[in-house]
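model the structure of this input:
(chains A and B)
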Amino acid sequence: MPKTSSKPLSFQGLIFALQQYWSDQGCVILQPFDLEVGAGTLHPATVLRSLGPKPWNVAYVQPSRRPADGRYGENPNRLQHYYQYQVIMKPNPKNMQDLYLGSLDAIGIDRALHDIRFVEDDWENPTVGAWGLGWEVWCDGMEVSQYTYFQQVGGLDVDLVSGELTYGLERLAMYVQGVENVYDLAFNDHGVLYGDVFHQNEVQQSTYNFEHADTDRLLRWFEDSEKECKMLLALNTPLPLPAYELALKASHLFNLLDARGVVSPTQRQEYIKRVRDLAKGCAESYVEIDAAVPEKAWRS
Amino acid sequence: MAEFLLEIFCEEIPARMQKRAGDDLRKMLTEGLGKAGLSLDDIHHWAGPRRLGFKVEIPLKSPDVSEERKGPRVGAPEQALGGFMKAAGLTDISQAEIRDDKKGQFYVAKIEKAGRASADIIAELIPDIMNSFPWPKSMKTGAESFRWVRPLQSLICLLDGKVVPVEAGGVTAGNQTEGHRQHGRGPFTVKSYADYKEKLEGNGHVLLDMVTRKAVIAEDARALCRKAGLELVEDEGLLNEVSGLAEWPVVILGDMDPSFLELPAEVIRLSMRDHQKYFAVRDPKTGKLAANFIVVANQMAPDGGEAIAAGNSRVLSARLADAQFFQQEDAKKNLIDYYDKLGTVVFHKKLGSIKDKAQRMSALARELAPKVGAKPEQAELAAKLAKCDLVTQTVIEFTSLQGQIGSLMYEREGGDAEIVQAIEEHYKPQGPSDTVPDKPVAITVALADKIDTLVGFWAIDEKPTGSKDPYALRRAALGLVRLILDNNLQLDLSQELLKGWAILEMENIGDQGSGRLSDGVISGDEQATLANLVSFIIDRLKVHLRDKGVRHDLIDAVFALGEDNLVNIVARVEALQSFLSTKNGENLLAGYKRAANILKAEAKKGELPKGAPNGGTSGEEANLLAALGKAEDKIDKALGDKAYAKAMAALADLREPIDAFFDGVMVNSDEEKERQNRLRLLSKIRDTSGRIADFEAIEG
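Alright, predicted model coming up:
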């Protein structure tokens, strides 16, 4: 167990601490996006808001779903549903590294005792045509965060560079609490464990993802989402926000198909490209419309 | 002289880029300052995780320069004079000097350029360098358009102790910097390089030089191991990397659960090295890995690094536990049971899956086996098993262990030892310095793998072009060459490639296979493709032999005869090269060239006489004819026996009669019959020599 100044934070305590910390730094604290996404980055508050010339500081928890990572609740480290904590600062402030290190202090990691490193790791997400340069942040050799300066999103060069921080909350909590099995994490300070909350969900969702998801239907839904998305982008006045949600749905449906093992490597590339094309369309349309929307438009 | 000090301070620079960046900075600055006319002395540079630096002694001002510019002649048109005055900065032509030369008088302008202040030179140079710095990958930050490897934080730019306020990427240079984030952040205000170094390496806790950091890490790691009765597993590549990950390296010895030592040593080493950047540690008595590791932290912790060691150990345990899980899962099936799953991994879109490849390899291995001295069934099975580990979880996780894991699995199953070895070694040789398999089964599978790869990519027209060789086909061809030569294999290259081609055709793969490849007949196009592949391989042979001092023109000379048995080519070339370095060889080559030149010249005038020569009208002709006849028989026999030195000796016997012929006989006799016979003799010289090599291709 790492030495910390006081009693280690519970899982929810960790979230509260991060929420408070980033709120104090001027971030808007959003609640999770209400669609299945594979990573916190995909939240429109990151993908879309990192585009265009308007500053934006936000932090939120985002459940992330990766059907293929399901292990029926039997693996102590792998989950098909887990939480990421996501921070976006646009433009990235000059002292962003210090702000990040401050957040480690806030969750009780004693930096005098622990070895924090920034190790090269360039990030890209081909499904939304995004990439950036940055690091994996290591604490005593364990990756505790991903730190990226966005350079392109939705296939577009960014106007202002966003600094993005992603914390894997379960892993971080396991580190802070000194726990070897994710299901043994203290969820709160009153005896509720992570397993009490989520174990059954892992069992059932894994069973669905791997055994029962109807691939014909998934494929149809994928195609329907794709069509609907394209339809919205083709309107005289396109609707990029709902269109982007449909792109996310298509992305998740693809992940489910992938978990069912019915996607060949060649097809995989094709599906990823189809989703990327949707995301790019949404990004382009978003930038165009956002530029035309006046400040505080609702007042006029 | 005055001291110029520069420090570029930014967020963490990728370890792999630091050394090159330091060298580039030094090069760009020395070139830039030199070009501005400044003399440089006592140059020093440094690079580390968060900073690049440079210092040099330079004059405060560049020297005054006076130069002369030659202008037009006196009395030249207005326009020419105007242009000259403008270029030379004159306001009136009378400011120019008039000089004489042979043709008359002309103008000369004397231009005096005053030296510039070094501070001005620096102020211009640094933004230029930083704006065009050759980072392998760079980025923008915030609202800046300036690109750097990671966000730029600050600059120190001092000349003679005074700040030169250069600006780059929105940062204005000053005289302050930061030290180690945890142990001496500062800020530190510096006056000079000596002051800078003393402050940073003192209270700042930053070791500036990579060489120093490396030495500290290596020495401390060895000492720490020794104290614990252990031995560090040295790793220069890793040492370079970790020396770029810590400004103040602190070496810590960690431990792990000894039960992990049951894992293959390579799995442990890779988990440590690639994922965690730890050094492995061994027991000096047994030479085997110990249940410890060395981690290089960037921190002196008040608990002596206990928490850091424990944390790192936990991470390593989780990784090794994963590896253990993969191994257990993989071991639930026999290696061959993974064969079908190879069908899910694409080798190349047009060449099918890895399973298709393995299938072709095993068919080819069966054919090749007898020539290499392996049993066909054994080679076939080995080739089938060779790729199976690619779909095991262990290899998916630890890609570089391909071959090793399959080999280990097959060994544990109690498989045939020769096959076990073939599975491990069939990727070899991977480069010019890699070892070459030397056991029949391993050789066979290694050959089959490379032949299939080469034939396949040639069939789909994916040959390497220029510097682009995405499928590492040059390496495959060199591997093929080395396998054949090192093992002295008697193989006719074209034939073996043809077999590979036929097997590819039979498989009838993908869109490529339907039709073109499946007709069972080798068409003209296909023959040309194969011939192109053979000459590609011969090119690799030349490169390979060049390092051993073998002349490439001699390889061409032998290859031109249609010889494509690489072992024979090399033996012939070697015999030829040593023959040509003798007096006999030199003269014979000269005689050959003389004969060939006459024939070439005569051929231009009209068709050369056909038929066999006779003894002619002179003793020299009769002697030469007899000698040629004898030599021919000897050469044929020697070539048949692959006794190439003997063949050369037989050729050497011709030197005297040829020399005598040229000395005593006039080829272009007025007597047409004589002329014809003598030309026929020359043709025979050419043809006889031509059995040994195409002397035409030989230089000199």
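
could you find the closest non-adjacent residue to the closest residue to chain B within the stretch 51-200 of chain A?
The minimum distance from the stretch 51-200 of chain A to chain B, using C-beta to the nearest C-beta, falls at A:Asp140 (2.7 Å). Yep, even glycine has a C-beta here, placed from its N, CA and C like the rest. What sits nearest to A:Asp140 in space, not counting adjacent residues and going by C-beta to C-beta, 6 or more residues apart in numbering or on different chains, is B:Gly311, at 2.7 Å.

quick check: that neighbour touching A:Arg117?
No - using C-beta atoms under 8 Å as the test, B:Gly311 is too far from A:Arg117 to be in contact (11.8 Å).

which one's more surrounded, the two?
B:Gly311 (26 against 20; other C-beta atoms under 10 Å in any protein chain shown).

roughly how far does the more buried one sit from B:Leu498?
As judged by C-beta to C-beta, to the nearest Å, B:Gly311 and B:Leu498 stand 60 Å apart.

kindly report the same for A:Tyr244.
Using C-beta to C-beta, one gets 56 Å for the distance from A:Tyr244 to B:Leu498.

these two: which has the busier surroundings?
Neighbour count, other C-beta under 10 Å: between A:Tyr244 and B:Leu498, A:Tyr244 has more, with 27 against 16.

pLDDT value on the more buried one, please?
pLDDT, A:Tyr244: 97.

could you do the one 10 residues further on as well?
According to the model's per-residue confidence, A:Phe254 sits at a pLDDT of 94.

quick one: it and A:Tyr271 touch, right?
Yes - counting by C-beta under 8 Å, A:Tyr271 is a contact partner of A:Phe254 at 4.8 Å.

common neighbours of the two, please.
Jointly contacting A:Phe254 and A:Tyr271 under the rule C-beta atoms under 8 Å, 6 or more residues apart in numbering or on different chains are A:222, A:263.

and these two? Which one has more around it.
The residue with more neighbours, out of A:Phe254 and A:Tyr271, is A:Phe254; 25 against 20, by other C-beta under 10 Å.

which helix or strand contains A:His190?
For A:His190, there is no enclosing helix or strand under DSSP states H and E.

hmm, back to that, from B:Ala15, how far out is the residue of the stretch 51-200 of chain A closest to chain B?
Distance, A:Asp140 to B:Ala15, using C-beta to C-beta: 18 Å.

taking chain B, what residue is nearest to chain A?
Nearest residue of chain B to chain A: B:Gly311, at 2.7 Å (C-beta to the nearest C-beta).

can I assume that residue sits in a helix?
Yes - under DSSP: H, G, I helix; E, B strand; the rest coil, B:Gly311 sits within a helix.

got the contact list for it?
Residues near B:Gly311 by C-beta under 8 Å, 6+ apart: A:2, A:114-115, A:139-142, A:175.

could you pull up phi and psi at residue 55?
Reading this off chain A. phi -60, psi 150 (degrees, to the nearest 10).

could you do chain B instead?
Torsion angles, degrees, to the nearest 10, at B:Lys55: phi -140, psi 150.

next, count neighbours for it.
Count around B:Lys55 with other C-beta under 10 Å applied: 21.

tell me the contacts of the closest residue to B:Leu681 other than its chain neighbours?
Nearest in space to B:Leu681, with sequence neighbours left out and distances taken as C-beta to C-beta, 6+ apart, is B:Pro613 at 4.5 Å. Going by C-beta under 8 Å, 6+ apart, B:Pro613 touches B:621, B:625, B:677-678, B:680-681, B:683-684.

which pair in those spans the largest distance?
Among the contacts of B:Pro613, the pair separated by the greatest distance (C-beta to C-beta) is B:Glu621 and B:Ser683, at 13.4 Å.

which of those two has more neighbours?
B:Glu621 (23 against 20).

so what's the more buried one up against?
Contacts for B:Glu621 (C-beta under 8 Å, 6+ apart) come out as B:613, B:615, B:661, B:665, B:677-678, B:681.

and of those residues, the nearest to B:Arg222?
The closest of the contacts of B:Glu621, once distances to B:Arg222 are taken by C-beta to C-beta, is B:Phe661, at 75.0 Å.

model confidence for B:Lys439, exactly?
On pLDDT, B:Lys439 comes in at 96.

now residue 37, nearest residue through space, not along the chain?
You didn't pick a chain, so chain A it is. For A:Val37, the spatially nearest residue (C-beta to C-beta, 6+ apart) is A:Leu248, at 5.8 Å.

not quite, go with chain B.
In this structure, B:Gly37 finds its nearest non-sequential neighbour in B:Ser62, 4.0 Å apart by C-beta to C-beta, 6+ apart.

wouldn't the one you found be in contact with B:Ala36 here?
Yes - counting by C-beta under 8 Å, B:Ser62 does reach B:Ala36; the two are 5.6 Å apart.

the two: which has the busier surroundings?
A side-by-side neighbour count of B:Ser62 and B:Ala36, using other C-beta under 10 Å, places B:Ser62 first with 20 against 17.

ramachandran coordinates for the more buried one?
The phi/psi pair for B:Ser62 (degrees, to the nearest 10) is phi -80, psi 150.

wait, what's in contact with it?
Per C-beta under 8 Å, 6+ apart, neighbours of B:Ser62: B:36-38, B:115-116, B:118, B:121.

thinking again about what came up before, PyMOL command to pick out the buried ones of the contacts of B:Glu621?
The PyMOL selection below is limited to those of those classed as buried (16 or more other C-beta atoms under 10 Å in any protein chain shown):
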select buried, chain B and resi 613+661+665+677+678+681
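
which of the contacts of B:Glu621 scores worst on pLDDT?
On pLDDT alone, B:Gly615 ranks lowest of the contacts of B:Glu621, at 81.

right, and it touches B:Leu628 too?
No - with contact defined as C-beta under 8 Å, B:Gly615 does not reach B:Leu628; the gap is 11.4 Å.

list the contacts for B:Ile129?
Here B:Ile129 is in contact with B:25, B:28-29, B:32 (C-beta under 8 Å, 6+ apart).

cutoff 6 Å now
B:Met28 (C-beta atoms under 6 Å, 6 or more residues apart in numbering or on different chains).

tell me which helix or strand comes right after the helix or strand harbouring it.
Using DSSP H and E, B:Ile129 sits within helix B:118-131. Sequence order places strand B:152-159 as the next helix or strand after helix B:118-131, per DSSP H and E.

which elements pack onto that following strand?
Packing contacts for strand B:152-159, counted by 3 or more C-beta pairs under 6 Å, 6 or more residues apart in numbering or on different chains; DSSP states H and E, involve strand B:2-10.
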